[in-house]
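Peer 1: only geometry, no sequence info:
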């Protein structure tokens, strides 16, 4: 397991008369003006940033967590998702996996009928010669 959790959102806060002392989860200094609340903690706007690339995460964007720290969606795609061996793009959802390689279903064709595989075809896919994929019912 990569430790990546479900998507989160950020809510904004503005200092008011009833605000008790708040400490930023990023820099651990007191927050005396506007703040964001995320991961059940208070943050200065500039301190709430991706733990991988250090880019500020805006209150309107979604983010994920890795080991309890925020990760922007770009870093999640670039660094924490499997990449398709054929096209090199990140794989979201289900994929075909063979040995150390992952593939989008649409990036791999049956070497017999040349049709792309579809999500849900897992039980109907065979590997031939250690490298070629085929539908179980395609004859060759």
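Peer 2: Done, it's in. This structure is a prediction, so every number in the text was calculated from the model and none was measured.
Peer 1: Next, give phi and psi for the residue nearest in space to the middle of the chain.
Peer 2: In the chain, the residue lying closest to the centroid (C-alpha atoms, centre = their mean) is residue 76, at 4.0 Å. The phi and psi values for residue 76, taken as degrees, to the nearest 10, are phi -60, psi -50.
Peer 1: Quick check: it touching residue 64?
Peer 2: Yes. Residue 76 lies in contact with residue 64 (C-beta atoms under 8 Å); the separation is 5.1 Å. C-betas here are computed from N, CA, C, even on glycine.
Peer 1: For this structure, which segments are assigned as strands?
Peer 2: 11-13, 22-23, 30-31, 35-38, 41-43, 63-66, 69-72, 96-98, 101-103, 125-128, 132-135 (DSSP state E).
Peer 1: Switch those over to JSON lines; also include mean pLDDT, mean neighbour count and distance to residue 113.
Peer 2: Conversion of the strands of the chain to JSON lines gives the following (pLDDT from 0 to 100; neighbours: other C-beta atoms under 10 Å; distance: least, C-beta to C-beta, whole Å):
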{"stretch": "strand 11-13", "mean pLDDT": "56", "mean neighbour count": "12", "distance to residue 113": "52"}
{"stretch": "strand 22-23", "mean pLDDT": "86", "mean neighbour count": "15", "distance to residue 113": "62"}
{"stretch": "strand 30-31", "mean pLDDT": "88", "mean neighbour count": "16", "distance to residue 113": "62"}
{"stretch": "strand 35-38", "mean pLDDT": "85", "mean neighbour count": "20", "distance to residue 113": "49"}
{"stretch": "strand 41-43", "mean pLDDT": "87", "mean neighbour count": "19", "distance to residue 113": "54"}
{"stretch": "strand 63-66", "mean pLDDT": "83", "mean neighbour count": "20", "distance to residue 113": "38"}
{"stretch": "strand 69-72", "mean pLDDT": "86", "mean neighbour count": "21", "distance to residue 113": "40"}
{"stretch": "strand 96-98", "mean pLDDT": "84", "mean neighbour count": "16", "distance to residue 113": "16"}
{"stretch": "strand 101-103", "mean pLDDT": "87", "mean neighbour count": "18", "distance to residue 113": "17"}
{"stretch": "strand 125-128", "mean pLDDT": "86", "mean neighbour count": "13", "distance to residue 113": "12"}
{"stretch": "strand 132-135", "mean pLDDT": "88", "mean neighbour count": "17", "distance to residue 113": "7"}
